[in-house]
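Trainee: sequence plus the predicted model coming up.
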Amino acid sequence: MSVLIEILKKNVRQYMMVIALAVAMVAFGLLTDGIFFRPVNLTNLVLQNSYVLILAVGMLLCTLTGNIDLSVGSMVAFIGALCGVMMVDLQWNPYLAMLIALLCGALIGMWQGFWIAFVNVPPFIATLAGMLIFRGLGQVIMKGQTKAPFPEEFQLISSGYIPDPFGGITIGALNFHVFTLLIGFLIVVLIVFGEIQKRKKQKQYAFDLLPPGIWLAKVVFIAAVLIAFTVVFAIYKGFPNVFILLGVLVIGYQFVASKTVQGRHIYALGGNRKAAELSGIKVKWVMFWIYTNMAVLATVAAMVFTARLNSATPKAGQNFEMDAIAACYVGGSAVSGGVGTVIGAVVGGLFIGVLNNGMSIIGVSTDWQQAIKGFVLLAAVAFDLYSKSRSSKVA
Amino acid sequence: MPNNSVLLSMKHITKSFPGVKALDDVSLDVKPHEIHALVGENGAGKSTLMKVLSGVYPYGNYDGDIFFEGKHCKFSSIRQSEHAGIVIIHQELALSPYLSIAENMFIGDERAKFNIINWDRTREDAVKYMKRIGLHENPNTPVNKLGVGKQQMVEIAKALAKHAKLLILDEPTSALNEKDSEHLLEILKELRDKDNISSVLISHKLNEVAAVADSITILRDGKTIETLDVERTQDTPVSISEERIIKGMVGREITDMFPKRNTTIGDILFEVKDWTVQNPDNPERNKLDGVNITVRAGEVVGLAGLVGAGRTEFAMSVFGRAYGENITGQTFIEGKEVDISSIPKAIANGIAYVPEDRKELGLVMIQNVKENTTIAKLKKIANLTVINEHEENVVAEEYCKRLNTKTPSILQKTGNLSGGNQQKVVLSKWLFTDPKVLILDEPTRGIDVGTKHEIYTIINSLAKQGYACILISSEMPEIIGMSDRIYVMSEGKITAELSGKTATQEDIMRNILNN
């Protein structure tokens, strides 16, 4: 037991959010008499939060540099408007329109990245300007209207589920989505395999190892949770398309951030910009690409959001930037930069999403929800700073 | 009870942190009317002891007793210790750069009535204290317009304004040039003689300790090793040698501070021609003007000069134009002209720059030893763009072993290492880039004697392996002891080229001043 406490203490920030998420989910499961864990609700939970999670992935890179991007909500509205004009007014091929939207997103990102990286406009100011500019331009394009309906193919981004080439099987009263089960189990196998490999390597270098029992418990726990969720999704309609998109993005960005040269450069830049520059890192270009990337992800989020509503409105995406930023900081990003993970940001986003969803089910008003989110953000960051100051005193 | 011939008496101080005993039964007595030096290697407990004294660690947080002017002190904050007359001046100056000298001097102790500041009195009082230490400046001058030396004097004036009876100076001269250092030490002597203010001087510069201290207390590993009394007579101004102090600090004698090296010096490896750099803050003036330098393979070339002479600016402008504007001149490596117009290009061409300020410029303190070691040339251990973690671990372990870096593991954050070990990580980082030319800017600043010796040994072995080394240092014995050749730089120009074997401090000083 004392070993366990020691481990928890050492990685308090890392485990805290996961534990908080689990506690919140169980609590809402009890408070809602299980409604929370119904397949349809969990599927909804993912769909409702998918766009904020996509934004959080990009926002994490911004927070790693010690900055934020305030313009993502406005970009969602602007790109949504653009999609509306192309697909609803002009009736263009939806795939072509999506491609054009992505290119526009990239251009917007480069525009912002240019001011931030090469003119040294502080990101807070540059993206605050972007927030006003793109909200305004979106309204100009829309001329105050709402554009709907969107073509079927476009809507499928958000409303579709992955197909099941195996046709599904029925066990008792339940019908399972076989392909979903296969994907879920494959992921579990990969994760378990990865953990075993990681442990082997850690042994090789005699790094701090988790005691075998605790390690095994951790792996079994992760596997069990993943299998449980896979089964829940399989009982409903299978994985939603968005879920797969989100999964690919999260895994991809986590990989880039933790395993590649580019990722390391971002962390070094965030930890000490001057030292990074003197180590030969092209810090300006790193900043440029981070903000370009953010805009591209905002475009993806815009399409997911627009497809889900099946309409583009000038007010779309309001406060999305705040939700994404909150997700990062709740998920363990340091305000000063250089610390944070993609997975952390997603966990932070999910935590906020679970609070929203759970509170809605038990009938807490949206006004209260807003306030509670604020308290959670404050508590998470304060806790972070507190645990940091304690550990630095020890050292 | 402590007797009256003792101003400050710290008795049997023990202070523990979880896992470490930072201070173990340390005692320190400071007499009235004396300059008391406190020396010891990094981590010996000097700073902790001073934090105990000043109330940063409140009474009850440590074991032992403090008596000041015969009274038993139980400080629980800096404010209380200052009220008693103990004022600390930290290594990093605590001045607000855009406020004036007078404003800085009375921060927290404003000359005010009913919360409204009386500016006339503020200025008058400021001038009064400035005069006492010979600082002749307009009290309305913002402190960022002053040089570091004068800023240090403002700190002392500020301490006087608090009616200090005991000044504690933590490495006050580490950022000062020789002239400013001397001046500062003179002020301490004057305060001792005229105003009866004692000081505790924490310093790594043993020559100044030997020159001004009346007594010296040596700490090692959190324990008091000894207190030496320095006797001064007309004939022997210094009765205690630096070697004697070093012996106490490291527990053994370092017979030769600058180890010998037997290297064969090769062909010219690095050459800079007509290097002229405009000062970005003052485009009228060139920071560097027609500098010519050659370095041979296996040679250590010293760059001597005062702070502000342009040595760091030279190094940084050569290193991928990290400093300066409108840079003109040519650079050659092994006889071929090379393009080093950006830092990545400079690194690719084999130039490495170990910066002066390792915390600000050298390391990412929140990242670990491994990440800092490989950051400057990650491509070397990456397939396409994916980092090979196995290889990275091997590399980091290898460099720790090679440079004898003391760290619990390569996953330790560099911020938790001691100064000397941090410097070794910076060196590892640059050796990992396979450089040919190694520019070392104040490589031993703020590093304890034992580790200094190690760094010198490393530099020697690098020279032996054929690196071309440029050594920038403000410590003249270091420049003379380590260099094969010495360039003297003054106001952006090379004013002399001396042989390292025969040069003396006087030679260098003369060439700086004759310009």
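Mentor: Sure, I can see it. Numbers count the residues shown, from 1 in each chain, chains lettered A, B, ... in the order given.

Trainee: remind me, longest helix of chain A?
Mentor: In chain A, with assignment by DSSP state H, the single longest helix is helix A:366-394.

Trainee: mean confidence for that one?
Mentor: Averaging pLDDT along helix A:366-394 yields 79.

Trainee: please report phi then psi for the residue of chain A positioned farthest from its centre.
Mentor: Distance from the C-alpha centroid of chain A peaks at A:G172, with 36.1 Å (CA atoms, centre = their mean). With angles defined as degrees, to the nearest 10, A:G172 sits at phi 60, psi -130.

Trainee: in stretch A:38-45, what's buried?
Mentor: Of the residues in stretch A:38-45, A:R38, A:P39, A:N41, A:L42, A:T43, A:L45 count as buried by neighbour count, 16 or more other CB atoms under 10 Å in any protein chain shown. Backbone N, C-alpha and C define where each C-beta goes, glycine included.

Trainee: turn those residues into CSV, columns for distance to chain B, secondary structure and pLDDT.
Mentor: As requested, these are arranged in CSV below (distance: CB to the nearest CB, whole Å; DSSP: H, G, I helix; E, B strand; the rest coil; pLDDT from 0 to 100):
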residue, distance to chain B, secondary structure, pLDDT
A:R38, 41, coil, 88
A:P39, 37, helix, 86
A:N41, 39, helix, 89
A:L42, 34, helix, 87
A:T43, 34, helix, 86
A:L45, 33, helix, 89
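
Trainee: SS state for the residue of the stretch 301-450 of chain B found nearest chain A?
Mentor: When distances are taken as CB to the nearest CB, the stretch 301-450 of chain B reaches nearest to chain A at B:V364, 3.7 Å away. Going by DSSP: H, G, I helix; E, B strand; the rest coil, the secondary structure assigned to B:V364 is coil.

Trainee: C-terminal to the helix or strand of chain A with the lowest mean pLDDT, what's the next element?
Mentor: Confidence across the helices and strands of chain A bottoms out at helix A:2-10, with a mean of 66, counting by mean pLDDT, DSSP states H and E. Following helix A:2-10 in sequence order, the next helix or strand is helix A:12-31 (DSSP states H and E).

Trainee: what's in contact with that next one?
Mentor: A:8, A:36-37, A:330-332, A:344, A:347-348, A:350-351, A:354-355, A:357-358, A:361-362, A:380, A:383-384, A:387 (CB atoms under 8 Å, 6 or more residues apart in numbering or on different chains).

Trainee: pull the CA atoms of stretch A:362-371 into PDB?
Mentor: In PDB, the C-alpha atoms belonging to stretch A:362-371 read as follows (Å, rounded to 0.1, in the frame of the first residue of the first chain):
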ATOM      1  CA  ILE A 362     -29.500  15.200 -13.600                       C
ATOM      2  CA  GLY A 363     -31.000  18.600 -14.500                       C
ATOM      3  CA  VAL A 364     -28.400  21.100 -13.400                       C
ATOM      4  CA  SER A 365     -29.100  24.400 -15.300                       C
ATOM      5  CA  THR A 366     -26.600  25.500 -17.900                       C
ATOM      6  CA  ASP A 367     -25.800  28.600 -15.800                       C
ATOM      7  CA  TRP A 368     -24.600  26.400 -13.000                       C
ATOM      8  CA  GLN A 369     -22.700  24.200 -15.400                       C
ATOM      9  CA  GLN A 370     -20.800  27.200 -16.700                       C
ATOM     10  CA  ALA A 371     -19.800  28.200 -13.100                       C
END
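
Trainee: chain B versus A:N120, what's the distance?
Mentor: Separation of A:N120 from chain B (CB to the nearest CB, to the nearest Å): 14 Å.

Trainee: residue of the stretch 151-300 of chain B with the smallest distance to chain A?
Mentor: Relative to chain A, the nearest point of the stretch 151-300 of chain B is B:P280 (14.0 Å; CB to the nearest CB).

Trainee: my guess is that residue meets B:I327, correct?
Mentor: No. Using CB atoms under 8 Å, B:P280 is not in contact with B:I327; the gap is 10.7 Å.

Trainee: among the two, which residue is more densely surrounded?
Mentor: B:I327 (17 against 12; other CB atoms under 10 Å in any protein chain shown).

Trainee: and B:M10, what's its pLDDT?
Mentor: Per-residue pLDDT puts B:M10 at 92.

Trainee: list the helices and strands the helix or strand bottoming out on mean pLDDT in chain B packs on?
Mentor: In chain B, no helix or strand scores lower on mean pLDDT, DSSP H and E than helix B:242-250, which sits at a mean of 78. Contact partners of helix B:242-250 among helices and strands, from 3 or more CB pairs under 8 Å, 6 or more residues apart in numbering or on different chains; DSSP states H and E: strand B:35-39, helix B:206-212, strand B:215-220, strand B:223-229, helix B:449-464.

Trainee: can you redo these as JSON lines with mean pLDDT, mean neighbour count and distance to chain A?
Mentor: Converted to JSON lines, the helices and strands packed on helix B:242-250 look like this (pLDDT from 0 to 100; neighbours: other CB atoms under 10 Å in any protein chain shown; distance: least, CB to the nearest CB, whole Å):
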{"stretch": "strand B:35-39", "mean pLDDT": "91", "mean neighbour count": "25", "distance to chain A": "23"}
{"stretch": "helix B:206-212", "mean pLDDT": "84", "mean neighbour count": "19", "distance to chain A": "29"}
{"stretch": "strand B:215-220", "mean pLDDT": "89", "mean neighbour count": "22", "distance to chain A": "20"}
{"stretch": "strand B:223-229", "mean pLDDT": "87", "mean neighbour count": "16", "distance to chain A": "21"}
{"stretch": "helix B:449-464", "mean pLDDT": "90", "mean neighbour count": "19", "distance to chain A": "19"}
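
Trainee: with that, I have no additional questions.
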